[in-house]
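**Student:** Can you look at this prediction? I've put the sequence above it.
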Amino acid sequence: MTPTITLSNGVKQPTVGLGTWQSSPAEVIAAVKAAVKAGYRLIDTASGYYNEEAIGTAIKELIEEGVIKREDIFITTKAWTNEIAPGKLEAALKKSLKNLQLEYVDLYLAHMPAATNDDMSEQIASPVEDIWRQFDAVYKAGLTKAVGVSNWNNEQIGRALALGITPVHNSQVELHLYFPQHDHVDFCKSHNISVTSYATLGSPGRVDFTLPNGQKLDWPAAPSELKDKNVLELAEKYKKTPAQILLRYALDRGLAIIPKSIHENRIQENFQLFDFQLSQDEIAKLEESKISQRLFAQDFMIGHPEDAFANERN
């Protein structure tokens, strides 16, 4: 059984899931099947990944084969910038449900706090309060078992919480050894919000990415966490791979992780994390590097009134 984190509404979220960003439809069917057969019970996707239909096919086939029941699997999807625009969310979620061939998702996230039009050519100044009211509505309609945010800052989450409606259940953020996000994690813990780490391995595959509008991104140079000397020392000590040390680092901080792979051996390796644990001293040693570098700048938010990273930009 995968360990779980209990969300503030009682829903149990598995701590390890399969990430599917950049996985093509053909790749993702095989990856989801391999992951579920390896023991994964969380699959993370988004409308902006353009693979919900394929994931729906894989889940349906796994259920038909008797490998899992619907209630055994936790499906997270996300609303893209055009889908959080005023009045768009319920239809967007219903479309995602149709693609996934599901009656409900387990967790629905606002992928970004910055709303745009359909092709991202225009920013829409919709405050996060209005975005969150739409999430409150789809949650109360039973279309999702939990709701949350992704790439929102503490202040934005605080404003959503201040509405006094459905609370934020989960925050999914870029978080890895060289961007440990302690302030965010502490803030979320103080408000009983679970945190999911993406790019837990430093996202070596990010350089191949193009935005839904076809734009290729420039990525800043960044040191590889997989080659960190303290990571390598612990890998040697525990007879684990550097990737497994980095994943365990996040788990031992009480976070959920969603490592992405399309290779069956790597999918299995990324799940072989439950036969060892890092001590607080080992976590402190890993963090000695004191590097804190965001890799995903989400530059399309620049100039938007809800740019979550405005205070980090030069």
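**Tutor:** Looks like it came in fine.
**Student:** Was I right to think residue 309 contacts residue 300?
**Tutor:** No: at 11.2 Å, residue 309 does not count as touching residue 300 under the criterion of CB atoms under 8 Å. Every residue, glycine included, has its C-beta placed from N, CA and C.
**Student:** Got phi/psi on the nearest residue to residue 165 once chain neighbours are set aside?
**Tutor:** Once its chain neighbours are removed from consideration, residue 165 has its nearest residue in residue 136; the separation is 4.3 Å (CB to CB, 6 or more residues apart in numbering). Its backbone dihedrals place residue 136 at phi -60, psi -40, with angles given as degrees, to the nearest 10.
**Student:** Residue 136 and residue 61, how far apart?
**Tutor:** Computed as CB to CB, to the nearest Å, the residue 136 to residue 61 distance reads 34 Å.
**Student:** can you check residue 39 too?
**Tutor:** Applying CB to CB, one obtains 18 Å for the distance of residue 39 from residue 61.
**Student:** still on that earlier bit, got a list of what the residue nearest to residue 165 touches?
**Tutor:** Residues near residue 136 by CB atoms under 8 Å, 6 or more residues apart in numbering: 147, 163, 165-166.
**Student:** Now tabulate those residues in JSON lines and tack on secondary structure and pLDDT.
**Tutor:** Putting these into JSON lines (DSSP: H, G, I helix; E, B strand; the rest coil; pLDDT from 0 to 100) gives the following:
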{"residue": "147", "secondary structure": "strand", "pLDDT": "98"}
{"residue": "163", "secondary structure": "coil", "pLDDT": "98"}
{"residue": "165", "secondary structure": "coil", "pLDDT": "98"}
{"residue": "166", "secondary structure": "coil", "pLDDT": "98"}
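**Student:** Closest to residue 2 out of those?
**Tutor:** residue 147 (21.6 Å; CB to CB).
**Student:** I'd say the closest one and residue 135 touch.
**Tutor:** Yes: A contact is recorded between residue 147 and residue 135 when judged using CB under 8 Å, the distance being 4.4 Å.
**Student:** mind listing the helices in the stretch 201-314 of the chain by residue range?
**Tutor:** Under the criterion DSSP state H, counting those that start in this stretch, helices of the stretch 201-314 of the chain are mapped to 229-238, 242-251, 264-269, 280-286.
**Student:** The closest residue to residue 305 other than its chain neighbours: neighbour count?
**Tutor:** With CB to CB, 6+ apart as the criterion, residue 305 has its nearest non-adjacent residue at 5.0 Å, and that residue is residue 125. By the measure other CB atoms under 10 Å, the count of residues near residue 125 is 10.
**Student:** what's the pLDDT at residue 125?
**Tutor:** At residue 125, the pLDDT value in this model is 96.
**Student:** so how far is residue 93 from residue 51?
**Tutor:** Summarising the geometry, the distance separating residue 51 from residue 93, computed by CB to CB, is 17 Å.
**Student:** list the contacts for residue 298?
**Tutor:** Going by CB under 8 Å, 6+ apart, residue 298 touches 112, 114, 151, 308-309.
**Student:** Out of those residues, which end up buried?
**Tutor:** When the contacts of residue 298 are checked for burial by 16 or more other CB atoms under 10 Å, the buried set is 112, 114, 151, 308-309.
**Student:** how about the helices of the stretch 51-200 of the chain, start to end?
**Tutor:** Taking DSSP H, counting those that start in this stretch as the criterion, the stretch 51-200 of the chain contains helices spanning 52-64, 89-100, 128-140, 154-161, 182-190.
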